[in-house]
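Participant: sharing a sequence plus its predicted fold:
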Amino acid sequence: MPLPFIEKPGAQPRAPYSSLPRASGEAGRVRFRDDSCDSDAADVEDNLFDAPARRSSVLEVADGDTAYYGVALGHRRHMCKGRWFWVTVVGLIVVSVVGVCLLYLNGIDWMQRSRKRNVIVMISDGFGPASETMARNYVQQTRGLPVGYMSPLDEILVGSSRTRSNSSLITDSAAGATAFSCGIKTYNGAIGVDGNGVPCGTILEAAKLQRNMATGLVVTSRITHATPAAFSAHAAGRDMEDLIAEYQIGNYSLGRVVDLMLGGGRCHFEPNSKQSSCRADGRDLLAEAQRAGFRTLGSRKEFDALDPHAPGVLPLLGTFASSHMDYEIDRDASQQPSLAEMAEKALATLDAATKGASAGFLLVIEGSRIDMAAHTNDPATHVRDIMAYWDAVAAVRRFVDAHPDTVLISVSDHETGGFSVAKQIGDAYPEYRWRPEVLEAAAHSIEYISFQLLPGPADSGERYTLVRDTVFPKWMGITDATHEEILAVARETDSVRVRQLLSTAISDRAQVGWATHGHSAVDVNLYAYGRDADQLRGNHENTDIGAFVERALGLDLPAISNAIKDGKVRQDTAVSQDAWLGRRDLDAPEHHAP
């Protein structure tokens with residue numbers, strides 16, 4: 001609707017301008033020239049307004065729903081001053097907004113670099129959503145916890161991560177970890193290299209070289225295994241662990257970039273003159289590391305004696321097993337520290353090393369053997385390693401609470417086993433249940449049991465007795481094993497088939513299922529806690545994890561990639577191309593060396 005006229009008191013009502021035909025004698029137009037700040041610059045056409053009207057307070061010309069206001073010509077100079085005032089105000093607002101945006105966009109990197117912070121990346125290898133449900137159900141049922149119980153991970157769930165590599169919809173650990181470390185997709189088996197096999201800069205390298213941060217790796221696998229390797233080395237294939245070990249002690253163009261390493265895998269640092277070595281050459285990397293300034297640990301006693309606050313602790317290399325560390329279900333606490341204990345020691349050490357410094361630390365912690373238990377389809381061992389990982393998460397969360405400028409990210413590289421918290425036994429319609437108490441009764445991993453069975457007693461009768469009286473009732477907690485089950489295990493001489501027989505026996509009784517001994521393509525849960533954790537809410541590509549850390553720390557990964565693009569990615573010694581596919585982790589003599 002047109003706005004009503006505002007008339008001078010006593011004036012005759014006037015029709016809206018738009019209602020008058022152009023030919024009308026009443027028609028007229030007020031036109032201001034370019035120099036309209038001068039009241040004398042106004043022309044009145046057609047003598048519509050007489051002199052008294054020219055001094056009236058307001059003229060209005062309305063057209064449809066739009067009204068145009070003019071002022072009396074005598075007051076034009078006053079209007080002009082007011083208009084310039086508001087133009088100035090609006091201009092100042094626009095300039096301020098643009099300035100703030102520029103400060104945010106161009107100054108955010110400076111603000112990030114000027115403030116100390118810590119980043120802790122935790123990786124639960126092979127741990128899918130169903131495994132979290134299974135572990136929660138397990139502790140609720142076996143520990144008498146309430147229905148509403150939340151695990152240390154449940155409480156910090158923020159989203160999910162997609163896991164595919166650039167060579168397959170189902171990734172392996174090497175490509176999955178490289179997505180986290182370099183922020184790129186690459187092929188299965190790639191360690192810190194792109195799809196063309198060219199080294200890519202990692203967040204750990206950039207944190208050390210660009211931010212002067214302290215860095216660390218804590219794992220329960222060999223320290224040279226796929227996940228820790230992807231942050232600290234560059235190799236065309238994950239089986240090149242001799243080369244990976246060389247990278248980790250600083251034998252490449254960037255020099256040493258890892259300050260602290262705790263885990264297993266001593267065999268790749270020992271010369272092949274030692275029986276426990278798994279190197280293909282005679283290099284003694286432990287000795288080389290010591291000459292380069294590393295402090296080395298090799299026992300639980302040395303681990304316990306380490307004072308994180310003592311001078312000269314870093315760089316530190318602690319290897320507590322020849323190959324992988326023991327599963328939690330088998331671990332002798334007097335011989336090997338737990339994942340949580342290693343995480344706490346690493347946090348204390350790195351925190352002490354950066355006290356008073358302008359830069360914090362980047363620590364990568366992996367629950368490595370969650371994955372390996374799932375490869376074996378061993379549910380009792382799988383759940384115990386998940387619980388050990390929970391303990392480590394709880395320890396890290398306590399650290400974050402005490403250090404507000406720290407962020408914790410927990411994510412899996414992939415799911416393993418195609419695990420389901422249900423299994424149909426037979427052709428009849430299944431009952432809706434699974435039985436956690438079956439897993440509670442197990443005392444050892446299937447891996448441990450197979451080591452005891454193979455080669456085991458040569459006499460078939462002795463083997464049958466061992467399986468009947470010890471393996472099933474004492475080590476697996478199965479008291480109703482059938483003659484057929486006992487005989488099948490006693491007769492088998494292949495380690496993989498022995499493991500499958502034992503897996504079927506316990507999984508069927510617990511009524512949990514496995515689709516594969518390999519990985520699956522399922523999305524995995526994403527957890528975050530601490531500073532900026534909310535930025536990870538939602539569904540993400542796995543490369544987004546690396547990008548988040550790069551952004552949070554103000555890193556420049558392409559610059560590191562450019563510096564190492566011609567780096568060595570193939571080891572000089574022979575490599576067994578299928579070593580990483582499973583049998584080495586199950587059967588290698590160094591894994592169960594004395």
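Facilitator: Nice, I can see it. Numbering: from 1, shown residues only.
Participant: quick one: low-confidence parts of the stretch 451-594 of the chain?
Facilitator: Counting by pLDDT under 70, the stretch 451-594 of the chain shows low-confidence ranges at 576-594.
Participant: which stretches of it form helices?
Facilitator: Secondary structure of the stretch 451-594 of the chain, counting by DSSP state H, counting those that start in this stretch: helices at 460-466, 483-491, 495-510, 543-553, 557-564, 583-587.
Participant: return the set of buried residues in the third one.
Facilitator: Spelled out, it's helix 495-510. Along helix 495-510, these residues count as buried under the neighbour rule (16 or more other CB atoms under 10 Å): Ser495, Val498, Arg499, Gln500, Leu501, Leu502, Ser503, Ala505, Ile506, Ser507, Arg509, Ala510. Glycine gets a C-beta too; all of them are placed from N, C-alpha and C.
Participant: now do that helix and helix 483-491, the angle between them.
Facilitator: Between helix 495-510 and helix 483-491, the angle formed by their directions is 150 degrees, by axes from the mean of the first three to the mean of the last three CA atoms, to 10 degrees.
Participant: thinking again about what came up before, got the helices of the stretch 451-594 of the chain as TSV, with distance to His403 columns?
Facilitator: Formatted as TSV, the helices of the stretch 451-594 of the chain follow (distance: least, CB to CB, whole Å):
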stretch	distance to His403
helix 460-466	51
helix 483-491	50
helix 495-510	40
helix 543-553	15
helix 557-564	25
helix 583-587	35
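Participant: between these, which gets nearest to Thr202?
Facilitator: helix 557-564 (7.3 Å; CB to CB).
Participant: could you give the separation of that closest one from the chain centroid?
Facilitator: What separates the centre of helix 557-564 from the centre of its chain is 21 Å, taken as CA atoms, centre = their mean, to the nearest Å.
Participant: could you measure from Glu205 over to Asp304?
Facilitator: When distance is defined by CB to CB, to the nearest Å, Glu205 is 31 Å away from Asp304.
Participant: no wait, Asn166
Facilitator: Distance from Asn166 to Asp304, by CB to CB: 44 Å.
Participant: please identify which of these two sits among more neighbours.
Facilitator: A side-by-side neighbour count of Asn166 and Asp304, using other CB atoms under 10 Å, places Asn166 first with 15 against 11.
Participant: end to end, how far does stretch 547-562 reach?
Facilitator: Here the two ends of stretch 547-562 are set 17 Å apart, with distance taken as CA to CA, to the nearest Å.
Participant: could you do stretch 526-540 as well?
Facilitator: Stretch 526-540 end-to-end distance (CA to CA) = 9 Å.
Participant: in it, what counts as buried?
Facilitator: Applying a neighbour-count criterion of 16+ other CB under 10 Å, one finds Leu526, Tyr527, Ala528, Tyr529, Gly530, Arg531, Ala533, Leu536, His540 buried in stretch 526-540.
Participant: run through who's touching that stretch.
Facilitator: Residues external to stretch 526-540 that are found in contact with it (CB atoms under 8 Å, 6 or more residues apart in numbering): 117, 153, 156-162, 393, 397, 400, 404-411, 523, 544-545, 548, 552.
Participant: again, only this time at 6 Å
Facilitator: Stretch 526-540 is touched from outside by 153, 156-161, 397, 400, 405-411, with contacts defined as CB atoms under 6 Å, 6 or more residues apart in numbering.
Participant: please enumerate the strands of the stretch 201-350 of the chain.
Facilitator: With strands called from DSSP state E, counting those that start in this stretch, the stretch 201-350 of the chain shows them at 214-222, 260-264, 295-297, 316-319.
Participant: could you export the ones you listed as a markdown table, including distance to Ala287?
Facilitator: Output for those, formatted as a markdown table (distance: least, CB to CB, whole Å):
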| stretch | distance to Ala287 |
| --- | --- |
| strand 214-222 | 19 |
| strand 260-264 | 16 |
| strand 295-297 | 9 |
| strand 316-319 | 12 |
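Participant: those strands: which one's closest to Pro457?
Facilitator: Of all the strands of the stretch 201-350 of the chain, the one in closest proximity to Pro457, counting by CB to CB, is strand 260-264 (29.5 Å).
Participant: ok, and what's touching that closest one?
Facilitator: Under CB under 6 Å, 6+ apart, the answer for strand 260-264 is 216-219, 222-223, 316-318, 321, 323-325, 342, 346.
Participant: before we move on, back to that, JSON lines for the strands of the stretch 201-350 of the chain, including mean pLDDT?
Facilitator: Output for the strands of the stretch 201-350 of the chain, formatted as JSON lines (pLDDT from 0 to 100):
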{"stretch": "strand 214-222", "mean pLDDT": "98"}
{"stretch": "strand 260-264", "mean pLDDT": "98"}
{"stretch": "strand 295-297", "mean pLDDT": "98"}
{"stretch": "strand 316-319", "mean pLDDT": "98"}
